[in-house]
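# Compute the structure for the input listed below.
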Amino acid sequence: MLSCGGYLIKQMEDEMLRSHGLKILSVSAILAALIGAASVAGAQSIIKIDGSSTVYPITRAVAEEFQIAKKGAVKVTVDITHTGSGFKKFCRGEIDIANASRPIQRKEMAECKKAGVQYVEMPVAFDALTVAVNPKNDWSNAMTVAELKKIWEPSAQGKITRWNQINPAWPDEPFKLYGTSADSGTFDYFTEAIVGKAKSSRGDFTASEDDNVLVQGVASDKNGLGFFGFTYYIENQEKVTAVAVDAGKGGISPSIETVEDGSYQPLSRPIFIYVNIKAAEKPEVKEFVAFYMKNALSLVLEVKLIPLPPSAYITVMERFNQKRLGTVFDGVSAVGLTIDDLLQREARLEFEHD
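A predicted model of the protein is given here:
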């Protein structure tokens, strides 16, 4: 038998054992949880996307919905560095998918070929590239292509600086210009459509990679004029006014209807994603692309861009599944292309393949 003192000592020993045991169990449980979390994190697949700020809202919306559907098993990173920078990363194999607001150019095709990067070109929507002015501007809500060229061409730099130099009926006040940076597909398209040559532009304007900065610039300056994607105009209609562009048939304002009927020219354009075909061997990338095409129609409308006809998404997905590589544009931009024109190109590709 234990003495009274011995009994107390035994109780204390038992209590200490129970206490330490609980601590050991607690630490073990924490370690197990951490190891489990690390395993889950390690197992999480990642899809990397970069490129155009115009395509970004669509791809971001698709990525958010896809990640919800996959319940965290796949992480999709969607960054913005504009079309040109996106293609540089894409052709170096650093990303799986490139967002592009213009077709891939020949020098980019050559870079991809040199690096062994093959791809499928997938049109996802149309954009109505928008020229905008401040709401207080009540004189230039409609402009001809020739007037826009006179403002933006390289020879205008430092010389054409006031509204009345463009049109004598307009005020004798200096305008201030805002536009996307030179690495942007929007800049490439706008300068080719308006000036006649891609990247040919005056340099004395406020450039930004962030379309929202351009919107704010025009919104805060009575004499501001800028260009950016249709989504950014629609989201800020109370802050800026869209200019009706006259390409010879009267001023046409950007809208879903004027893009669909082909009348908004020459600033209507197709926009794309390009998928690295090697990356597409990964199940998560293949699933993401299928999810993109299945939900593109509704999500394109949600972000205020112009969707392709439903049948077009089926055709484009079939091309992806059949691994039909390359581009229908042969490295040349397509200024003035309508939705019907694009679909005809797609149909010719199908015919030539078959």
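# Report the distance from stretch 87-100 to the chain centre.
13 Å (C-alpha atoms, centre = their mean, to the nearest Å).
# List the buried residues in that stretch.
For stretch 87-100, burial by neighbour count (16 or more other C-beta atoms under 10 Å) applies to 87-91, 95-100. In short, each C-beta sits where N, CA and C put it, glycine included.
# Let's test this: mean pLDDT of that stretch, rounded?
Average pLDDT, stretch 87-100: 97.
# same deal with stretch 280-295?
Mean pLDDT, stretch 280-295: 97.
# which SS state does Phe227 fall under?
Classification of Phe227 by DSSP: H, G, I helix; E, B strand; the rest coil places it in strand.
# Report the beta-bridge partners for it.
Val131 (DSSP bridges).
# what about it, neighbour count?
Phe227 has 27 neighbours, counted by other C-beta atoms under 10 Å.
# Please list all residues in contact with it.
Residues counted as contacts of Phe227 (C-beta atoms under 8 Å, 6 or more residues apart in numbering) are 129-132, 178-180, 186, 190, 214.
# Would you map the helices across this structure?
Counting by DSSP state H, the chain has helices at residues 4-43, 56-69, 82-91, 106-115, 145-152, 163-166, 185-194, 211-219, 230-234, 256-260, 283-302, 310-321, 339-353.
# For the second one, list every residue counted as buried.
Judged by neighbour count using 16+ other C-beta under 10 Å, the buried positions of helix 56-69 are 56-63, 65-67.
# quick one: pLDDT of the nearest residue to Trp163 once chain neighbours are set aside?
Leaving aside its sequence neighbours, Trp163 sits nearest to Trp170 (C-beta to C-beta, 6 or more residues apart in numbering; 3.9 Å). Here the pLDDT value assigned to Trp170 is 98.
# Does Trp170 touch Lys150 like I think?
No - look at Trp170 against Lys150 with C-beta atoms under 8 Å: they stay out of range, at 11.8 Å.
# any residues in contact with both of the two?
Counting by C-beta under 8 Å, 6+ apart, nothing touches both Trp170 and Lys150.
# residue contacts, Ile194?
Residues near Ile194 by C-beta under 8 Å, 6+ apart: 145, 148-149, 152, 266-267.
# how close does it get to Ile252?
Distance from Ile194 to Ile252, counting by C-beta to C-beta, to the nearest Å: 15 Å.
# Against Pro174, how distant is Gln165?
According to C-beta to C-beta, Gln165 stands 10 Å off from Pro174.
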